[in-house]
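Participant: need the 3D shape of this:
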Amino acid sequence: MASKKPAKKIKEAATKVVDALTEKIPGAPGSKPPELAEPTTPQGPPVPKPEHGTPETRTPTGAVTGVEPTANAQQGEFLTTSQGTRLRDTDHSLKAGPRGPTLLQDHHFREKMTHFDHERIPERVVHARGAGAHGTFVGYGGADGVTKAGFLAKGKQTPVFVRFSTVLGSRGSADTVRDTRGFATKFYTDEGTWDLVGNNMPVFFIQDAIKFPDIIHAGKPHPDREIPQAQSAHDSFWDFVSLHTEAQHHTIWNMSDRGIPRSYRTMEGFGVHTFRLVNDAGATVLAKFHWKPKLGVHSLDWEEAQMLAGMDPDFHRRDLYDAIEAGAYPEWELGIQVFPDTAEETFDGIDLLDPTKMVPEELAPVQLVGKMVLDRTPTNYFAETEQVAFHLGHLPPGIDVTNDPLLQGRLFSYVDTQLTRLGGPNFSQIPINRPHAPVNDLLRDGFHQQAVHGGAAAYRPNSLDGGNPFPAGDAENAFTDLPVVVAEAPKIRANPASFDDHFSQVRMFWLSMTPVEQEHIIRSYTFELAKCYEQTIKERQLRSLANIDPVLCAEVASGLGLPAPEPAVPLADVTPSPALSQLGKTWPGDGRTVGIVVDPDGDLDGVAEVRQAVLAAGMTPLVIAPHGGEVGGLTVQRTFAAGRSVEFDALLLAGAPVPAPDARATPAAAQGVDPRVLLMVEECWRHAKAIGAWGTGVSVLEQAKVTDTPGVVEGKAGADTFTAVQRLMAAHRVWERFTTVAR
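Facilitator: Numbers count the residues shown, from 1 in each chain. Here you go, the predicted model:
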């Protein structure tokens with residue numbers, strides 16, 4: 001048995017670095033540690049945490065105030081009413097004697113309770129659960145030839161606010177459900193605000209916005225029981241998509257690993273629609289927008305996603321904010337696919353106005369035109385993330401819309417939504433929504449008007465205000481509604497014939513996946529359809545799968561215990577798009593988390609060195625021990641009771657701790673390794689994560705029976721073990737551990 005105390009030199013080294021290491025572990029709730037006793041000496045409001053950002057202090061009409069952002073925070077040392085009157089007490093209502101009734105004249109109670117009763121605003125019908133962050137976008141200059149949008153000029157810096165979200169769940173639902181994710185970016189350009197309101201999938205369920213209420217009603221919980229929450233594994237969703245086969249392309253994306261991203265930081269974003277760009281010469285092209293994460297596209301294992309929904313339903317927002325706090329700033333590059341602006345509005349046979357279709361990158365490469373870095377978290381969730389209002393009609397000069405019928409409907413719906421959610425037409429004056437360009441809009445009054453408009457003439461033309469405001473022209477870079485020719489045609493409720501192909505791109509997506517990814521799609525369909533009560537809905541969806549691929553259909557049918565139907569249409573002859581696969585490349589490990597299991601009674605040699613190596617790699621090390629506090633001078637971040645494998649991207653074993661007093665171990669296991677450590681190892685192995693061990697930690701691998709399997713490293717020293725594990729983490733998972741039924 002190793003010494004119960006670590007070697008003196010190890011303890012000294014650990015003591016020197018423990019403070020710095022502890023400070024770099026993200027998640028502290030306040031800007032400084034609290035004192036044990038309740039503070040009694042008056043002091044001002046707390047300073048913001050280093051990673052906090054707030055909306056730039058602009059007036060309601062877009063002027064720079066020069067005031068520090070903290071001017072919008074609470075002020076002064078003392079408790080006051082909303083009108084600034086200082087208060088002696090906020091713990092007791094005003095009563096007629098100590099045991100008497102509360103008096104109606106208690107103005108403080110009335111103000112406090114009335115405000116509390118009205119704290120909540122209607123949550124978003126979709127995308128209710130979100131997380132936001134501030135950052136900066138820098139243009140590369142590569143788009144100069146196709147658009148005159150000034151924020152894309154080389155070196156031009158533009159503030160941004162991004163809101164990530166799920167679609168179906170309520171604000172209180174979990175982050176890691178299988179769902180589409182919103183990826184909405186507000187660019188505060190000096191030519192007017194641009195909102196790129198996209199998703200993490202390039203296609204959508206429907207082709208026409210008039211069906212948006214239908215797909216959302218179908219995806220939401222059943223109206224009688226309000227279950228299931230935040231997922232599509234129920235009858236009404238599959239009833240709709242099996243009858244409405246244009247939804248099959250988006251559905252297979254949802255059933256793929258894209259439906260359960262590892263992190264917002266490892267998620268692609270897509271503008272979904274085709275937009276029209278115009279350059280300084282007036283020439284136009286059609287374009288699609290893409291966000292490419294610098295960390296690559298990675299996803300959770302399905303079992304991990306389910307475990308996290310219970311253990312840490314805030315996993316994605318915590319990951320985003322912890323990464324920013326730790327300095328591992330999330331980065332994406334903005335790219336565009338450019339197409340000729342022809343009368344047909346098609347490219348290589350693909351209808352560019354059909355939002356259920358995408359253009360493979362192999363046919364139209366994504367040209368990178370700028371980079372976005374998110375480096376500040378919101379100071380206040382409600383004021384920023386909840387009140388931010390996006391709209392596809394917020395367009396700068398150089399970017400315009402097309403006749404995509406889904407896009408056309410969204411141009412109406414988004415403004416209409418804000419009127420209800422944010423209490424009136426002046427939502428653009430909320431600090432997070434204020435433009436960074438001068439505003440002179442002739443709009444007046446209404447709920448929550450914060451501007452104080454001068455002049456006598458809120459109309460044009462006028463002479464009372466000297467003609468102000470004046471129309472802008474080309475010299476002033478005014479927005480131009482492009483004079484696109486609309487073909488003469490009868491009014492008709494119909495789609496073009498090119499919208500009728502519902503399966504060729506779905507088959508392309510399936511054939512573009514690796515066998516591992518295909519296996520996951522099969523399991524996803526099987527799981528979701530097994531949750532349906534009605535047998536006919538399962539059978540109907542299998543008919544759609546038969547039109548996509550016979551292997552996919554047969555495997556899902558087998559899992560459901562149903563016969564596989566024959567395809568009703570010829571299988572499309574398509575070329576796979578390798579760009580659609582998440583696998584096959586390596587990526588940086590910035591912001592990932594490495595768990596380090598230690599044994600307080602074992603040899604701690606190398607642990608401090610490994611922690612430093614993990615930090616130097618831009619990752620977060622979490623020491624896991626039987627109890628909290630310190631072990632050998634190292635701060636413990638997780639205990640066996642409070643930690644779980646899903647928190648870690650890789651696991652290192654520095655020891656083989658025996659069952660702790662709070663472990664529920666069988667008598668036969670009482671002399672072995674703590675069962676919770678074995679569970680961590682087994683789960684990490686099952687979820688295809690890299691595992692490393694050295695010293696006595698190797699015996700844990702033996703007891704878990706995972707030695708000599710892919711992605712499991714047995715090292716002689718901690719630093720060497722982590723180096724090998726780090727190389728494995730670059731691919732995110734070690735999928736070669738498993739065989740697949742697909743291909």
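
Participant: pLDDT score for the residue of the chain most remote from its centre?
Facilitator: Relative to the centre of the chain, and counting by Cα atoms, centre = their mean, the farthest-placed residue is Gly97 at 53.6 Å. The predicted local confidence for Gly97 comes out at a pLDDT of 92.

Participant: you'd agree it is in a strand?
Facilitator: No. Looking at Gly97 with DSSP: H, G, I helix; E, B strand; the rest coil, it is coil, so not inside a strand.

Participant: please report the distance of the residue lying closest to Val734 once chain neighbours are set aside from Val369.
Facilitator: Distances taken as Cβ to Cβ, 6 or more residues apart in numbering place Gly711 nearest to Val734, at 3.0 Å, with adjacent residues excluded. Every C-beta, even on glycine, is put in place using the N, C-alpha and C of the backbone. Going from Gly711 to Val369 by Cβ to Cβ, to the nearest Å gives 37 Å.

Participant: then Glu682?
Facilitator: Between Glu682 and Val369 the computed distance is 46 Å (Cβ to Cβ).

Participant: and if you look at Glu325?
Facilitator: When distances are taken as Cβ to Cβ, Glu325 and Val369 turn out to be 29 Å apart.

Participant: ranges for the helices of the stretch 151-300 of the chain?
Facilitator: In the stretch 151-300 of the chain, the segments counted as helices under DSSP state H, counting those that start in this stretch are 212-219, 235-243, 248-255.

Participant: meant to ask about the stretch 551-700 of the chain, not that
Facilitator: Chain-ordered helices for the stretch 551-700 of the chain, with DSSP H, counting those that start in this stretch as the definition, fall at 607-616, 675-686, 698-704.

Participant: now do the contacts for Val177.
Facilitator: The contact partners of Val177, by Cβ atoms under 8 Å, 6 or more residues apart in numbering, come to 166, 168-169, 230-231, 260, 305, 309.

Participant: determine which two of these are furthest apart.
Facilitator: Using Cβ to Cβ, those reach their maximum pairwise distance at Leu168 and Ala305, which is 14.5 Å.

Participant: report the distance from the top strand by length along the chain to the chain centre.
Facilitator: Of all the segments assigned as strand in the chain under DSSP state E, the longest by residue count is strand 367-378. Taking the mean of its C-alpha atoms, strand 367-378 sits 14 Å from the chain's own mean (Cα atoms, centre = their mean, to the nearest Å).

Participant: give me the residues contacting the following helix or strand past that strand.
Facilitator: Using DSSP states H and E, the helix or strand that follows strand 367-378 towards the C-terminus is helix 381. The contact list for helix 381 (Cβ under 8 Å, 6+ apart) reads Gly132.

Participant: right, and the helix or strand after helix 381?
Facilitator: The first helix or strand that comes after helix 381 along the chain, using DSSP H and E, is strand 399-400.

Participant: name the helices or strands packed onto that following strand?
Facilitator: In terms of contacts (3 or more Cβ pairs under 8 Å, 6 or more residues apart in numbering; DSSP states H and E), strand 399-400 is packed against strand 275-278.

Participant: partner strands of the strand it packs on and their direction?
Facilitator: strand 284-293 (antiparallel), strand 399-400 (antiparallel) (DSSP bridges).

Participant: and it, average pLDDT?
Facilitator: When the per-residue pLDDT values of strand 275-278 are averaged, the result is 98.

Participant: any idea how far Lys288 is from Asn495?
Facilitator: According to Cβ to Cβ, Asn495 stands 20 Å off from Lys288.

Participant: between the two, who's got more neighbours?
Facilitator: Relative neighbour count places Lys288 above the other of Asn495 and Lys288, with 23 against 15, counting by other Cβ atoms under 10 Å.

Participant: which stretches of the stretch 201-350 of the chain have low pLDDT?
Facilitator: Within the stretch 201-350 of the chain, not a single segment meets pLDDT under 70.

Participant: spit out the contact partners of the nearest residue to Glu123 once chain neighbours are set aside.
Facilitator: Excluding the flanking residues, the one nearest Glu123 by Cβ to Cβ, 6+ apart is Arg171, at 5.0 Å. Contact partners of Arg171, counting by Cβ under 8 Å, 6+ apart, are 123, 128-129.

Participant: and Arg171, its phi and psi?
Facilitator: As for Arg171, its main-chain torsions (degrees, to the nearest 10) stand at phi -60, psi -30.

Participant: let me see the confidence value for it.
Facilitator: Taken from the predicted model, the pLDDT recorded for Arg171 is 95.

Participant: burial of Asp662, as a residue count?
Facilitator: Around Asp662 there are 12 other residues, counting by other Cβ under 10 Å.

Participant: my bad, Val146
Facilitator: Neighbour number of Val146 under other Cβ under 10 Å is 21.

Participant: is it true that it touches Phe339?
Facilitator: No. Here Val146 does not reach Phe339: they are 10.4 Å apart, not a contact under Cβ atoms under 8 Å.

Participant: which residues are in contact with both of these two?
Facilitator: Where contact means Cβ under 8 Å, 6+ apart, the residues bridging Val146 and Phe339 through contact with each are 285, 287.

Participant: okay, the strands paired with strand 275-278, which one's buried deepest?
Facilitator: Most buried of those by mean neighbour count (mean count of other Cβ atoms under 10 Å) is strand 284-293; its value is a mean of 21.

Participant: now find how far off-centre it is within its chain.
Facilitator: Using Cα atoms, centre = their mean, the mean C-alpha position of strand 284-293 is found 20 Å from that of the whole chain.

Participant: same check on stretch 133-140?
Facilitator: With Cα atoms, centre = their mean as the basis, stretch 133-140 stands 17 Å off its chain's centre.

Participant: what does it rub up against?
Facilitator: When contacts are defined by Cβ under 8 Å, 6+ apart, stretch 133-140 is touched by residues 53-54, 151-162, 187, 320-321, 324, 329-330, 334, 368-378.

Participant: what about burial for those residues, which qualify?
Facilitator: For the contacts of stretch 133-140, burial is judged from neighbour counts taken by 16 or more other Cβ atoms under 10 Å, and it is met by 53-54, 151-153, 156, 158-162, 187, 320-321, 324, 329-330, 334, 369-374, 376-378.

Participant: is Thr61 in contact with Leu442, as I believe?
Facilitator: No. Counting by Cβ under 8 Å, Thr61 does not reach Leu442; the two are 11.7 Å apart.

Participant: looking at these two, which is more packed in?
Facilitator: For Thr61 against Leu442, the residue with the higher neighbour count under other Cβ under 10 Å is Thr61, and the figures read 18 against 11.

Participant: so what's that one closest to, chain neighbours aside?
Facilitator: Val439 (4.3 Å).

Participant: for that neighbour, what are its contacts?
Facilitator: Taking Cβ under 8 Å, 6+ apart as the criterion, Val439 is in contact with 60-62, 428.
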